[in-house]
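Structure for the following, please:
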Amino acid sequence: MAVGPTSPPESPDSAHHLVGYWKRRCASLFRWLHIYLSMVSFGILFFFALTGFTLNHAEDFFGSRPVTAQVRGELNRVWVAAGDVRTVAKLEVVEHLRRMHGVKGLVGEFRIEDGQCSVAFKGPGYTADATIHRDTGAYELNETRMGFVAIINDLHKGRDTGPGWSLVVDLSALLMVVVSLTGMVLIYFVKRRFVSGMLMAGAGCLFSYLAYVLLVK
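You can find the predicted model right below:
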């Protein structure tokens, strides 16, 4: 039986070149990811690094006292008329306070009692509390603004920021992980620096662990 021509076996040199080719492609890919993810995430990573410092030294950055303000007003008492809890028009009350007094933040609590209602708004570096008398519709609103540093600290912690900013915090953490891992992969392709790089990474981890054991425990 005639046998058709067959391709010659792959030589060790060609296999070596193929491996080298894919190593160069992987190195190029991870270098691209590391550089451009670092650039894309620069602003948000810088923000969290800076606010980490301000959080750690909060007492040094809160020399100024919070600015408080108190106002009084009256809303449509039909919205809060005494009677069944279900008769309170929560949306109308909240929108009135926002429109008339520029109240911001999320509604943290809306408490309804027999004689009055209370609404608490919370945001980064901000609180506002309104007490409404159900028989007349009259209310008192106390607003507190705690300054720029308090705002960025609360943004760092994701406190009273809503689900949108919470997603930003999660994405920022994910970017930090990816940038770190791509850096670790890149050092693998730099043979002259691989051992020293891994030793430095291990030293950094060991330093963090010892700092915890010696300074915290």
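
Please, which helix or strand holds Ile152?
For Ile152, the host element (DSSP states H and E) is helix 148-157.

Please enumerate the strands of this protein.
With DSSP state E as the criterion, the chain has strands at 67-74, 106-112, 116-123, 126-133, 138-145.

so which of these comes closest to Leu186?
strand 116-123 (40.8 Å; CB to CB). Heads up, the C-betas are built off the backbone N, CA and C, glycines and all.

That closest one: which residues count as buried?
116-117, 119, 121-123 (16 or more other CB atoms under 10 Å).

now this protein, which segments are flagged as low pLDDT?
Where the chain drops to pLDDT under 70, the residues are 1-13, 15-16, 19, 61-64, 83-86, 217.

tell me the domain boundaries of it?
23-59+151-215, 65-146 (automatic domain parsing).

Mind jotting down where the helices sit in this structure?
For the chain, the helices defined by DSSP state H occupy 12-40, 42-56, 58-61, 90-101, 148-157, 162-189, 191-215.

packing partners for the fourth one?
Based on contacts counted as 3 or more CB pairs under 8 Å, 6 or more residues apart in numbering; DSSP states H and E, the elements that helix 90-101 packs against are strand 67-74, strand 106-112, strand 116-123, strand 126-133, strand 138-145.

Please apply the same query to the second one.
Counting contacts by 3+ CB pairs under 8 Å, 6+ apart, helix 42-56 packs against helix 148-157, helix 162-189.

hang on, the earlier thing: other residues contacting the helix holding Ile152?
Residues from elsewhere that reach helix 148-157, judged by CB atoms under 8 Å, 6 or more residues apart in numbering: 47-48, 50-52, 54-55, 58, 61-62, 66, 123-126, 160-161, 165.

ok, back up a step: redo the buried residues of strand 116-123 as a markdown table? Include distance to Val216.
Compiled in a markdown table, the buried residues of strand 116-123 are given as follows (distance: CB to CB, whole Å):
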| residue | distance to Val216 |
| --- | --- |
| Gln116 | 46 |
| Cys117 | 45 |
| Val119 | 40 |
| Phe121 | 36 |
| Lys122 | 30 |
| Gly123 | 32 |
